[in-house]
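Asker: Sequence and predicted structure below; questions after.
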Amino acid sequence: MLAPAVDPPVNLLPSKPVPPISAKAALVMDGVTGRILAAKNPDERRAVASTQKLLTALVTLESGPLSDPVTVELSDTQVEPSKVYIRPNETYTRAALVKALMVKSGNDVAKALARDVAGSEAAFVSRMNTKAVSLGMRNSFFMNPHGLTEEGQYSSARDIGILAREAYQSSVLRDFVRTKSYTFTRPSGDSKTLTNTNQLLSKVSYCTGMKTGTTNASGRCLVSSGELDGRLTIVVVLGASNESTLYKESEALLRWSLER
């Protein structure tokens, strides 16, 4: 069961009981103050799948203009789905690729950005870990930019909450993670519609993003954010047993934290 925070500021903690959560770990954070409103196993080290792409996006944003061009290499495309299916020798702006990363969670896009920004995937991952330390993410170590399972790679509900709150400070990322769908255009002029993997955007009117993630090791994961009546909260649910449970529990926590 989730436990409410101790001695919260007046009117910060909802008066209703915390909804029961079956997922392996969860956290509700006040997005303004960073205070934890409720938590379950917040510091348990776990695989977090594509939720760590929020860190990939942050590091990219801090590494130069989003207008810079990125030319795709064959090695970028050699990764398992989910993919946007960018093609070798295509050139995009970093902005176009970061948006595709946040909306459609393309692992090929993550590899392209990492290589372009830092010269190699390993160098980019080093930047990811440096950034994580600077944010106070004490139970995290990353080994790739996309979140596919690797032995020794882990994070926690608290750390992903810290990451999400930092990412939310960026107006660019706020815009990208709340995009329900958009037309992704290739340099050739061909285009396709990319639909956000976060179903809460269509289920909860005040949901503002943020990022999904699923692997066999991580289970179903979702970071969600919402704004209502001047309040902002971030909800992290890790290790749900199935998609239905993930969205049911994430929605329950978002509504618990914001609807008064």
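Answerer: Good, I have the coordinates. Residues are numbered from 1 along each chain as shown.

Asker: Surely Thr193 forms part of a helix?
Answerer: No. Using DSSP: H, G, I helix; E, B strand; the rest coil, the assignment for Thr193 is strand, not a helix.

Asker: Contacts for stretch 153-160, please.
Answerer: Residues outside stretch 153-160 that contact it (Cβ atoms under 8 Å, 6 or more residues apart in numbering) are 25-27, 36, 39-48, 51-52, 54, 132, 137-144, 163, 223, 236, 238. Glycine gets a C-beta too; all of them are placed from N, C-alpha and C.

Asker: Report the rounded mean pLDDT for that stretch.
Answerer: Average pLDDT, stretch 153-160: 98.

Asker: The stretch 151-260 of the chain: helices as residue ranges?
Answerer: Using DSSP state H, counting those that start in this stretch, the helices of the stretch 151-260 of the chain run over residues 157-167, 171-177, 200-203, 243-258.

Asker: Can you give me the buried ones in the longest one?
Answerer: The neighbour-count criterion (16 or more other Cβ atoms under 10 Å) identifies 245-258 as the buried residues of helix 243-258.

Asker: quick one: which of the helices of the stretch 151-260 of the chain is nearest Arg186?
Answerer: Closest to Arg186 of the helices of the stretch 151-260 of the chain, according to Cβ to Cβ: helix 171-177, at 18.8 Å.

Asker: how near is Lys99 to Leu148?
Answerer: For Lys99, the distance to Leu148 equals 21 Å [Cβ to Cβ, to the nearest Å].

Asker: typo on my end, Trp256
Answerer: Trp256 is 32 Å from Leu148, where distance means Cβ to Cβ.

Asker: now do Arg35
Answerer: Going from Arg35 to Leu148 by Cβ to Cβ gives 33 Å.

Asker: Among these two, which residue is more densely surrounded?
Answerer: More crowded of Arg35 and Leu148, by other Cβ atoms under 10 Å: Leu148, with 18 against 14.

Asker: so which helix or strand takes in that one?
Answerer: Per DSSP states H and E, Leu148 falls between elements, in no helix or strand.

Asker: cool, Ser82 as well?
Answerer: Ser82 belongs to no helix or strand, assigned by DSSP H and E.

Asker: burial measure for the closest residue to it other than its chain neighbours, as a count.
Answerer: Nearest non-adjacent residue to Ser82, counting by Cβ to Cβ, 6 or more residues apart in numbering: Ser105, 5.2 Å away. A count of neighbours around Ser105, defined by other Cβ under 10 Å, yields 27.

Asker: likewise the one 10 residues further on?
Answerer: The burial metric for Arg115, expressed as a neighbour count using other Cβ under 10 Å, is 20.

Asker: Which strand residues bridge Ala39?
Answerer: Beta-bridge pairing of Ala39 under DSSP bridges involves Ala3, Leu27.

Asker: thought it was touching Ala23?
Answerer: No. Applying Cβ atoms under 8 Å as the test, Ala39 and Ala23 come out as separate, 11.8 Å apart.

Asker: The closest residue in space to Leu253 that isn't next to it in sequence and Tyr85, how far apart?
Answerer: If the residues on either side of it in the chain are set aside, Leu253 comes closest to Val235, at 4.5 Å by Cβ to Cβ, 6+ apart. Distance, Val235 to Tyr85, using Cβ to Cβ: 31 Å.

Asker: Please identify which of these two sits among more neighbours.
Answerer: Val235 (32 against 14).

Asker: quick one: Ala122 and Ser205, what's the gap?
Answerer: Separation of Ala122 from Ser205 (Cβ to Cβ): 42 Å.

Asker: Please disregard the earlier target; I meant Ser181.
Answerer: 17 Å.

Asker: swap in Arg158?
Answerer: 28 Å.

Asker: Which of the two has more residues huddled nearby?
Answerer: More crowded of Arg158 and Ser205, by other Cβ under 10 Å: Arg158, with 23 against 8.

Asker: Can you report how many residues neighbour the nearest residue to that one once chain neighbours are set aside?
Answerer: Once flanking residues are discounted, Arg158 sits nearest to Pro42: 4.1 Å by Cβ to Cβ, 6+ apart. A total of 23 residues lie near Pro42 under the criterion other Cβ under 10 Å.
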